[in-house]
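> when you get a sec, could you give me coordinates for this:
(chains A, B, C and D)
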Protein chains: 2
Amino acid sequence: MTNVTTAAADHGSPGPARRARGEQTRQLILETALRLFRERGYAETTMRAIAKEAGVAVGNAYYYFDSKEHLIQGFYDRNQHEHRAASAEILAASTDFAARLRGVLHAGIDVNEPYHSFAATFFKSAAEPSSPLSPFSRESSPARDASIAIFRDVIEGSSAKLDPELRKELPELLWLGWMGVILFWVHDKSPGQRRTRRLIDGTVPLIDRLVGLSRLRVLRPALRQILALIESVRRDD
Amino acid sequence: MTNVTTAAADHGSPGPARRARGEQTRQLILETALRLFRERGYAETTMRAIAKEAGVAVGNAYYYFDSKEHLIQGFYDRNQHEHRAASAEILAASTDFAARLRGVLHAGIDVNEPYHSFAATFFKSAAEPSSPLSPFSRESSPARDASIAIFRDVIEGSSAKLDPELRKELPELLWLGWMGVILFWVHDKSPGQRRTRRLIDGTVPLIDRLVGLSRLRVLRPALRQILALIESVRRDD
DNA sequence: ACCATAACTTGAACGCGTTCAAGTTATGTG
DNA sequence: CACATAACTTGAACGCGTTCAAGTTATGGT
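So this is what the prediction gives:
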């Protein structure tokens, strides 16, 4: 809200005439924070501990990050990139829609797996609608768009033939499903989160069949109805 | 965790040889808290303010409630009862499955409507898997079971004919869908949350049709596959 | 009636996230 | 080179949720 804070928020995208020192300190604080989160958990890591470990004053951390929660955004960005990279390999290997979708979903779980124990701890931050960490918030729209783009790739590069109207909506729908999988995963306490794996393996064939059916003329009215529903619910914010 | 705290937790179900004074204080604190939440919002209401307004020491509130979040459970219970009462009227009016389901969902939104602005504030508490406020937690299983029972009534009292296997699973599935509607509602900033209303009105006919289709012999294998998926995902915790 | 014990109540104190007025350091300009 | 200004850094202080040792009050057994 203050001038200082607004200026600090700009650090996200490195401008042209930016001092190097600031970015360095920012990275130092972020990496120290993520390391301590991994080692001790989110709630158990205090801002004082982060500052002390990074060798700066506690107020300095608040110059670069609006709050403790905002440090998590760095974690999101990192995992997002890892998911994209892991997905690229899978998408290069096959053109079968089901195989592509299944691979991308499993890759997403793989990437997040090491953080399962403390992902739950800060997941609540993401659930609050007003929080900038919410996957539906404006502040996470870059990350959201990047994530939706992965699912667009799943469809575009696949040999699956589907209704053109559905094709436009499907990436966002798959992303929504992915959020559901994440929600399930966070609550999944089974060893290795194998219930989440089973959920993916069981759901993908159903989606695959449904998507294939979308071109049948008999089902056209039903499909239009569903698409109209989505459109009507999306209207006005 | 301490003896005192454990004893306090027992107050939820009034024992036989319980002192009246304690229950009175408990109610006083809870009602004061809910009133202040409504007036000022959850985050803006401090435990000190609740204690002061109720005329007790702050430590006394912690004798009856493990934490500030636990005060919300009282809010849940109250709304749960209101939903049940509002649903009873609707369920007495019609035996049509779609009308019953639609009515119960709208009634649920009606009951929660006055609290929309601050429901979002404490919704994050419910999203954390480890939180006792999570709808999936063991501590909320009584409230969850009561909520599922409403959807069982929707089905049992309806004239809809459906596959017996599906009939067993459907109440819990509808409850899960209801949680999804609530999640949508919490994020819904449209005036009067009319997008949520549209979501309900658009989804209910689809569910109705799907449920009706469940008895068709051609779709039997697909249905069995879905039920098997649910079963496999439910296994082991 | 008496007292041991459980039920209840108190408020100071702790550690936390966060703020901010005051400092220090680097940079671009004359 | 000097100096005004923006960038950065500091740590004490604030209000919060929560804890707990110490009190007070009511109850059941004798």
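
> what's the helix or strand for the closest residue to DNA strand D within chain A?
Each residue of chain A has a distance to DNA strand D, by CB to the nearest atom of the strand, and the smallest belongs to A:G59, at 1.6 Å. C-beta here means a position set from N, CA and C on the backbone, and glycine is covered the same way. A:G59 belongs to helix A:58-64 when assigned by DSSP states H and E.

> follow-up on the earlier one: distance of the residue of chain A closest to DNA strand D from A:L34?
Using CB to CB, to the nearest Å, one gets 20 Å for the distance from A:G59 to A:L34.

> so those two - more neighbours on which side?
Per other CB atoms under 10 Å in any protein chain shown, whichever of A:G59 and A:L34 has more neighbours is A:L34, with 18 against 9.

> now do the same for the more buried one: its pLDDT.
A:L34 carries a pLDDT value of 93.

> now the one 5 residues further on
Reading off the per-residue confidence, A:E39 sits at a pLDDT of 91.

> return the backbone torsion pair for A:V56.
Dihedral angles phi and psi of A:V56 (degrees, to the nearest 10) take the values phi -130, psi 170.

> how about A:W185?
Backbone torsions for A:W185, taken as degrees, to the nearest 10, come to phi -60, psi -40.

> for it, which non-adjacent residue is closest in space?
Counting by CB to CB, 6 or more residues apart in numbering or on different chains, the nearest residue to A:W185 once its immediate chain neighbours are dropped is A:T196, at 4.4 Å.

> gap between that neighbour and A:G59?
Separation of A:T196 from A:G59 (CB to CB): 41 Å.

> got the residues of chain A near chain B?
A:120-121, A:123-131, A:134, A:136, A:186-187, A:189-190, A:194-195, A:198-199, A:202-203, A:206, A:209, A:222, A:225-226, A:228-229, A:232-233, A:235-237 (CB under 8 Å from any CB of the partner chain).

> which stretches of chain A form helices?
Listed in chain order, the helices of chain A (DSSP state H) span residues A:3-9, A:20-40, A:47-54, A:58-64, A:70-93, A:97-112, A:116-127, A:141-156, A:164-187, A:194-213, A:220-234.

> quick one: the third one to helix A:20-40, angle?
Angle of helix A:47-54 versus helix A:20-40, following axes from the mean of the first three to the mean of the last three CA atoms, to 10 degrees, is 120 degrees.

> can you name the residues that contact the residue in chain A positioned nearest to chain B?
Using CB to the nearest CB, the point where chain A gets nearest to chain B is A:A127, with a distance of 3.2 Å. If you count contacts by CB atoms under 8 Å, 6 or more residues apart in numbering or on different chains, A:A127 has them with A:134, B:123-124, B:126-128.

> can the residues you listed go into a markdown table with extra columns for distance to DNA strand C and pLDDT?
As requested, the contacts of A:A127 are exported to a markdown table (distance: CB to the nearest atom of the strand, whole Å; pLDDT from 0 to 100):
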| residue | distance to DNA strand C | pLDDT |
| --- | --- | --- |
| A:S134 | 15 | 84 |
| B:F123 | 18 | 70 |
| B:K124 | 13 | 72 |
| B:A126 | 20 | 73 |
| B:A127 | 18 | 76 |
| B:E128 | 15 | 79 |
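
> could you dump these into JSON lines and include distance to DNA strand D?
JSON lines is the format used below for the contacts of A:A127 (distance: CB to the nearest atom of the strand, whole Å):
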{"residue": "A:S134", "distance to DNA strand D": "21"}
{"residue": "B:F123", "distance to DNA strand D": "16"}
{"residue": "B:K124", "distance to DNA strand D": "13"}
{"residue": "B:A126", "distance to DNA strand D": "15"}
{"residue": "B:A127", "distance to DNA strand D": "16"}
{"residue": "B:E128", "distance to DNA strand D": "12"}
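
> ok, back up a step: now the helices of chain A in a markdown table, with distance to B:V111?
Conversion of those to a markdown table gives the following (distance: least, CB to CB, whole Å):
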| stretch | distance to B:V111 |
| --- | --- |
| helix A:3-9 | 39 |
| helix A:20-40 | 38 |
| helix A:47-54 | 39 |
| helix A:58-64 | 40 |
| helix A:70-93 | 33 |
| helix A:97-112 | 36 |
| helix A:116-127 | 21 |
| helix A:141-156 | 31 |
| helix A:164-187 | 24 |
| helix A:194-213 | 31 |
| helix A:220-234 | 21 |
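
> among those, which comes closest to B:I90?
For the helices of chain A, distance to B:I90 was read as CB to CB. The smallest value, 22.6 Å, belongs to helix A:220-234.

> just want the angle from the closest one to helix B:164-187.
Computed with the same axes, to 10 degrees, the direction of helix A:220-234 lies at 30 degrees from that of helix B:164-187.
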